[in-house]
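*Asks:* return atomic coordinates for the entry below.
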Amino acid sequence: MKKSCVLVSGGAGYIGSHTTVELINAGYDVVIVDNLSNSDISAVEGVRRITGAEIPFVKVDCCDREAFRKVFEQYEFDSVIHFAASKAVGESVQKPLEYYGNNLTSFMNVISLMREFGRQNIVFSSSCTVYGEPDKQPVTEQTPRKPATSPYGNTKQISEEIITDAVKAGAGFRSVILRYFNPVGAHPSALIGELPNGVPQNLIPYLTQTAIGVREGLKVFGDDYPTKDGTGVRDYIHVVDLAIGHVKALEYIRKTPGVLTVNLGTGVGYSVLDIVKAYEQASGKKIPYVIDPRRPGDIATCYANAEKAKKLLGWTAERGLLEMCKDSWRFTEKNL
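*Replies:* Numbers count the residues shown, from 1 in each chain. Prediction:
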């Protein structure tokens with residue numbers, strides 16, 4: 001029996017496509033909207049092949065309010081999972097106006113159209129970047145938020161505040177804000193994974209393209225951080241674990257009013273060079289890399305305490321780093 005219908009904005013993207021699979025596995029109907037600016041329709045086809053479901057797809061830019069409004073008029077969904085956003089920290093420092101314009105306009109259109117049409121439930125795709133550069137690790141939800149180190153992180157901070165203020169004002173929303181760390185890996189079928197348009201802005205897709213020969217070498221931004229090997233340390237989480245977390249969040253808000261903020265991570269920090277070694281093991285390829293200067297907006301270390309997600313959502317990450325790298329490599333071999 002179907003539970004209800006969910007709108008997934010940015011559903012042709014990396015995390016959105018994997019979340020759509022898990023939603024369908026959990027018995028939900030899904031409508032995907034995406035402007036395909038950093039994704040491809042092949043991801044939607046991959047989701048359809050994995051699930052056997054005929055998922056409606058609408059090509060629309062969430063920044064175009066009137067075009068987006070037609071989706072609300074056409075489909076009877078009661079929940080939204082909002083992914084649609086530009087997402088690269090370094091690029092956001094170079095293109096702040098584009099990031100503020102895209103991420104905040106699309107979010108405001110989502111939230112205002114939800115209010116207009118009486119759609120209550122929203123799971124918001126936030127980020128560990130809202131913590132800025134934390135004083136202590138691991139990061140809990142009570143860790144004080146510092147000024148974001150990038151426009152990308154700032155758009156997430158602002159969007160979180162908008163949701164929280166709207167709920168406090170009695171706008172009728174129920175929300176879970178998911179602050180997740182660094183998603184990697186791919187669906188084990190290798191039908192969907194991370195395949196950005198153009199030059200990758202994130203570590204793993206750049207690394208995979210280097211391993212398979214599309215790129216000459218990996219650029220490691222900074223080897224002078226106060227970490228074990230001088231490179232940045234992050235909490236890497238398998239994208240399937242992350243997708244399941246969104247389903248758990250949706251189940252939570254369907255029963256619980258108000259707004260909940262939780263971290264989704266593994267609680268383990270790996271350096272960039274740790275990832276290179278693990279990927280070499282998974283792929284059997286030697287990964288050439290060069291050390292470049294630090295990238296603006298990056299911080300030294302960030303990894304999660306995810307106990308709150310375990311307690312309130314019944315969620316915990318299950319897949320380890322080697323499985324993340326193996327799944328990523330399998331997808332890369334099949335699709336590049």
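*Asks:* how about the strands in the chain?
*Replies:* 5-9, 29-34, 57-59, 79-82, 121-127, 174-180, 182-184, 218-221, 233-234, 236-238, 258-264, 270-271, 289-292, 301-302 (DSSP state E).
*Asks:* I'd like to know how many residues surround Leu336.
*Replies:* Neighbours of Leu336 under the rule other CB atoms under 10 Å: 14. To be clear about C-beta, it is placed using only N, CA and C from the backbone, and glycine gets the same treatment.
*Asks:* for the closest residue to it other than its chain neighbours, give me its contacts.
*Replies:* Using CB to CB, 6 or more residues apart in numbering and skipping the chain neighbours, the partner closest in space to Leu336 is Ile212 (5.3 Å). For Ile212, the contact set (CB atoms under 8 Å, 6 or more residues apart in numbering) comprises 285, 332-333, 336.
*Asks:* can you check the pLDDT for Ile212?
*Replies:* pLDDT, Ile212: 92.
*Asks:* that one and Asn335, how far apart?
*Replies:* In this view, Ile212 and Asn335 are 10 Å apart by CB to CB, to the nearest Å.
*Asks:* same thing with Ile163?
*Replies:* Distance of Ile163 to Asn335, computed by CB to CB: 35 Å.
*Asks:* repeat for Tyr99
*Replies:* In this view, Tyr99 and Asn335 are 28 Å apart by CB to CB.
*Asks:* got any residues that touch both of Ile212 and Asn335?
*Replies:* If you check Ile212 and Asn335 against CB under 8 Å, 6+ apart, no residue is contacted by both.
*Asks:* list the buried residues in the top helix by length along the chain.
*Replies:* For the chain, the longest helix by residue count, based on DSSP state H, is helix 96-117. Neighbour counts over helix 96-117 (16 or more other CB atoms under 10 Å) mark 99-100, 102-104, 106-111, 113-114 as buried.
*Asks:* same check, this time on stretch 159-176
*Replies:* Residues 159-160, 163-164, 166-167, 173-176 are the ones in stretch 159-176 that count as buried (16+ other CB under 10 Å).
*Asks:* now those residues in TSV, with pLDDT and distance to Asp224?
*Replies:* TSV is the format used below for the buried residues of stretch 159-176 (pLDDT from 0 to 100; distance: CB to CB, whole Å):
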residue	pLDDT	distance to Asp224
Ser159	98	33
Glu160	97	32
Ile163	96	37
Thr164	96	37
Ala166	94	42
Val167	93	42
Phe173	93	44
Arg174	96	45
Ser175	97	40
Val176	98	38
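*Asks:* tell me what the longest helix of the chain is packed against?
*Replies:* When contacts are defined as 3 or more CB pairs under 8 Å, 6 or more residues apart in numbering; DSSP states H and E, helix 96-117 packs onto helix 65-74, strand 79-82, strand 121-127, helix 151-168.
*Asks:* can you list the strands that the second one pairs with?
*Replies:* When you say that, I think you mean strand 79-82. strand 5-9 (parallel), strand 121-127 (parallel) (DSSP bridges).
*Asks:* and the residue nearest to Pro205 when sequence neighbours are not counted, how many residues sit next to it?
*Replies:* Counting by CB to CB, 6+ apart, Pro205 lies nearest to Glu194, which is 5.0 Å off, once chain neighbours are set aside. Using other CB under 10 Å, Glu194 has 25 neighbouring residues.
*Asks:* wait, doesn't Glu194 sit right on Ser328?
*Replies:* Yes - using CB atoms under 8 Å, Glu194 is in contact with Ser328, at 7.2 Å.
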